[in-house]
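# Turn this into a structure:
(one chain, ligands or ions: 3)
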Amino acid sequence: MVLEKINQVNDIKKLEPQELPILADEIRNFLIRKISVTGGHLASNLGVVELTMAMHLAFDLPKDKIIWDVGHQSYTHKLLTGRKEGFDGLRKYGGMSGFPKRAESACDCFDTGHSSTSISAGLGYAMAREISGEDYKVISVIGDGALTGGMAYEALNNASKLKSNFIIVLNDNNMSISENVGGMSKYLSSIRTASAYQDLKNGVIDSLSRIPVYGEKIIRNIHKTKSSIKQLVIPGMYFENMGIVYLGPVDGHDISAMIRTFHEASKIEGAVLVHVITKKGKGYVPAERHPARFHGTEPFDIETGLPLKPRVKANYQDIFSTVMRKLGDRDPKVVAITAAMADGTGLKRFRNMFPERFFDVGIAEEHAVTFAAGLAAAGLKPIVAVYSSFLQRAYDQILHDVCIQNLPVVFAIDRAGLVGSDGETHQGIFDISYLSGMPNMTLAAPKNKWELSDMIKFAVKFETPIAIRYPRGEAYDGLKEFRAPIVFGKSEIIYDECDIALIAYGSMVKTAVEVRERLKALDYHCSLINARFAKPLDEEMLRQAAKEHKLIVTLEENVLSGGFGEHVTEYLSACHAGVPVLNIAISDEYVEHGNVDILRQEVGIDADSIYKKIIAEFIGL
Ligand SMILES: Cc1ncc(C[n+]2csc(CCOP(=O)(O)OP(=O)(O)O)c2C)c(N)n1
Ligand SMILES: CC(=O)[C@@H](O)[C@H](O)COP(=O)(O)O
Ligand SMILES: [Mg+2]
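Ligands and ions are numbered 1, 2, ... in the order given. Below is the predicted model of the structure:
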C-alpha cells in the first residue's frame, strides 16, 4: 500500500514516480470507503485527487499557502497532511471538520465553507508577503461553480495590480452542485472545446520550450507581455485582458502536466490563472453518473451507490417543492430564484415544470436578492429559496433593495437552525437577528409541515417583504389537528393553561411539545403557544400571556442576540409586564460540526436541557 507511506506533509515527495498513480487510486478507494460510512462531500473530492497531489509535489507546505475555495474538496489535502486517522470522525462532533481549519493543521491557512472567498484571501496573503518581504507561494484553488460568485470577480479585479506571484488554480469540472450556469460557465466550455486551438497553442509553446536558453525566455515574455502573439495563441483572453496571465487548459488528472504548469506559473510575476480540467466524481461510477447526488452524500452502499438509510418521511424541502409546484400552476406571476441550490432547496421540480419562471443565478446570493427585487418591482411574485447561512451574504441587498422599497419578495429560508455536519460556517442561526432589525420585513416560521405549506401560500399573497424560516431535514408531522388559518402577526394558541407559557418559534414548537409533556408529569401546567411570527410580535398575545402565567419561556433555534426571545423580553419589559422571561436560544457562539441532536444538547436547546432550565427557574420564583 502506497497510502501507508503517507503519514505527514511532504511524505508524497518521497515516493517514486511510478507510485503516484497507485497512490491516486488508493486515495480514491480510501475516500469512497470512508465517506460511504460517514457521509460527506464525495464527488468534488474524487475529482481533485491528482490536482491535490500535483500541488503537494510542486509546492512546499506548510510554507506555501494553499487556499481551498468552499473547502469541501480538501479531503485529499487532509490525507496528505497527516490527517488520515481523522476520516473515521469526519464531520462528527469533536471529529475532523469537512472544511479546512487553521486550528486543525498548519497546512490549512484559511478557513472556508462559503463560496468564492479564496481569491480575496489569497490576494491578502500575497500582499502581506510583499509588505513583509517574506518568501512563500500563494495558491488559491477555485471551482468553476465558485467562479460564478461576485466576490471572485471583485478579487480578480483587484489581483491585476499585484506585482508578485499569485497562482489561481481554476478547477473546472463543468459542474456546480448541479449543472453550472451563466456566461462564465459558457466561456469556460468554449475554452474546453476549442481543442484544435488549444493544440496549436501547446504546439507553439512545446516547440519554443525545445529551443535551448532562448525558448524559455520567449515563453516567459509571452506570458509577461500583452504581445499580439500571446493574444493569438492563448485562450483565456477574459483573464488576460484583466491583466491576469492565463495558463491552460491542463488535464487535471495528469500529474506531470500539472506539475510542469505549476512550475511555469510560479515564475510569473503577478497573478496567474491555471485552468485545470477535472471530472467530478472520477473513479466511482455512481458519482461520475450522478455528481449532484454525490456532491454531498449521506452514508451509502458502495456497490449500488444507494443511501444506507432510505428516507421514509418527507422533509421540509419536499413540502416546499410540492407547494411551489402548486403555486406555479395557479399563478403565472410566481417565479423562483436560487443561488445554485436547486437540489438542496427542493426547486428542481419547479425548474422542470416552469423553466421560464425558474432562475438559477449561480452562487450569487447578493445578485439573487436584488434580481428578485427587480422582478417584484416589475409586478412578479419572486420567491428566493436560500439557505439561512448563505443569505448572510445579501444583508445589504435585502435592506437596500427589498426592504426600503417595501417590495413583495418572499424569502424561503431553508437550513434555518442547526444544520449539523457542515459546522460553524453553515449553521443557520443568525437570520432572525439579522432580519428582525430591518423595517418593513415580516418574519414567520412554521411549526410543522402543513404550516410550511400554508405559510408559503400566505406569503405569496403578501404585499411586502416576508421571510419564512424552516430547518434542514425531516418535517415535523405532529400537531396536525392544529391548523388555524395564518393571520398576519398572530400566534396560535395550542394549549391554554396557567403556570408557564411556552412560546415557541418554528422548529422549537416540536421541542416545546416534549418539554410540556415532561413538565406535566411533575404537575406543572403549561400553555403552548406557536408564535408563528417573530416580526411583528403578537403583542396582544404577549400581554395576555404575561397576565395569565407565572413564567414566560421563549424558545427559538437562533442566537440569543437580536433573536425572538430578546424581542419578547424587551417588549414585556417596556410594557412593565412584571413577569419573568426565560429565553431559550443559542448563546452567542459559533457552533461546530456534528450530529444535530448532539449539538442541541451542547447548546442547551434540547428538550432535556430546557426542561431542567425551566424547573430551576420556576423553583427560584
Ligand atoms: C455562499 C455560498 N453559497 C452556496 C454554497 C453551496 N455550495 C457549496 S459547493 C457549491 C458548488 C461549488 O461548485 P465548484 O466551485 O465548481 O466546486 P465543485 O464541487 O464542482 O468542485 C455550492 C453551490 C456555498 N458553499 N457558499
Ligand atoms: C459545501 C456546501 O456548502 C454544500 O455542499 C453544503 O454542504 C450543502 O449542505 P446540505 O447537505 O444541507 O444541502
Ligand atoms: Mg465545479
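# how many neighbours does the residue found closest to Leu519 once you drop the neighbours it is linked to in the chain have?
Nearest non-adjacent residue to Leu519, counting by Cβ to Cβ, 6 or more residues apart in numbering: Cys526, 5.3 Å away. Heads up, the C-betas are built off the backbone N, CA and C, glycines and all. Residues near Cys526, counting by other Cβ atoms under 10 Å, number 24.
# and the stretch 151-300 of the chain, which residues reach ligand 1?
171, 173, 175-177, 280, 295 (Cβ under 6 Å from any ligand atom).
# filter these by proximity to ligand 2?
His295.
# Can you flag which of the residues of the stretch 151-300 of the chain next to ligand 1 belong to strands?
Among those, DSSP state E puts Asn171 in strands.
# just the residues of the stretch 151-300 of the chain next to ligand 1 now: which is nearest Leu380?
Ser176 (24.7 Å; Cβ to Cβ).
# Distance of the nearest residue to the closest one once chain neighbours are set aside relative to ligand 1?
Nearest residue to Ser176 in three dimensions, chain neighbours excluded: Gly145, at 3.1 Å (Cβ to Cβ, 6+ apart). Using Cβ to the nearest ligand atom, to the nearest Å, Gly145 is found at 2 Å from ligand 1.
# Over to Ala159?
Ala159 is 18 Å from ligand 1, by Cβ to the nearest ligand atom.
# give the contact list for that residue.
119, 123, 166, 168, 244, 271 (Cβ atoms under 8 Å, 6 or more residues apart in numbering).
# By proximity to ligand 1, which residue of the stretch 201-350 of the chain wins?
Nearest to ligand 1, among the residues of the stretch 201-350 of the chain, is Ala340, at 3.8 Å (Cβ to the nearest ligand atom).
# before we move on, the earlier item: these two touch, right, the residue nearest to Ser176 and Ala340?
Yes - counting by Cβ atoms under 8 Å, Gly145 touches Ala340, with 6.4 Å between them.
# Next up, the contacts around Val2.
Contacts of Val2 (Cβ under 8 Å, 6+ apart): 15, 19, 22-23, 26.
# repeat that with 10 Å
Taking Cβ atoms under 10 Å, 6 or more residues apart in numbering as the contact definition, Val2 lies against 12, 15-16, 18-27.
# quick one, phi/psi of it?
phi -70, psi -40 (degrees, to the nearest 10).
# And the pLDDT for it?
Here, the pLDDT recorded for Val2 equals 98.
# Would you confirm that the residue nearest to Ser176 contacts Ala292?
No - if you go by Cβ atoms under 10 Å, Gly145 and Ala292 don't touch, sitting 11.2 Å apart.
# Counting neighbours, go ahead and name the busier of the two.
Remark: of Gly145 and Ala292, Gly145 carries more neighbours, 29 against 19, as counted by other Cβ under 10 Å.
# How much space separates that one from Glu4?
34 Å (Cβ to Cβ, to the nearest Å).
# Check Glu19 too.
11 Å.
# So which of those two has more stuff around it?
Glu19 (14 against 8).
# Apart from its neighbours in sequence, what residue is nearest that one?
Ranked by Cβ to Cβ, 6+ apart and with sequence neighbours excluded, the top spatial neighbour of Glu19 is Val2, at 4.8 Å.
# how close does the one you found sit to ligand 1?
In terms of Cβ to the nearest ligand atom, Val2 sits 25 Å off from ligand 1.
# about what we covered before: adding distance to Ser97 and pLDDT, write the contacts of Val2 out as CSV.
Shown next, in CSV, are these (distance: Cβ to Cβ, whole Å; pLDDT from 0 to 100):
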residue, distance to Ser97, pLDDT
Ile12, 22, 98
Leu15, 27, 98
Glu16, 32, 98
Gln18, 34, 98
Glu19, 29, 98
Leu20, 27, 98
Pro21, 29, 98
Ile22, 28, 98
Leu23, 24, 98
Ala24, 24, 98
Asp25, 26, 98
Glu26, 23, 98
Ile27, 19, 98
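# Please pick the buried ones from those residues.
12, 15, 20, 23-24, 26-27 (16 or more other Cβ atoms under 10 Å).
# from the chain's centre, how far out does stretch 251-269 sit?
30 Å (Cα atoms, centre = their mean, to the nearest Å).
# so where does the residue nearest to Pro446 when sequence neighbours are not counted fall, helix or strand?
Nearest non-adjacent residue to Pro446, counting by Cβ to Cβ, 6+ apart: Leu452, 4.2 Å away. Secondary structure from DSSP states H and E places Leu452 in helix 449-461.
# check contacts around the residue in the chain that ligand 3 sits nearest to.
Closest approach between the chain and ligand 3, counting by Cβ to the ion: Gly143, at 3.8 Å. Residues near Gly143 by Cβ under 10 Å, 6+ apart: 44, 47-48, 68-70, 72-73, 115-116, 118, 169-173, 175-176, 180, 278, 280, 363.
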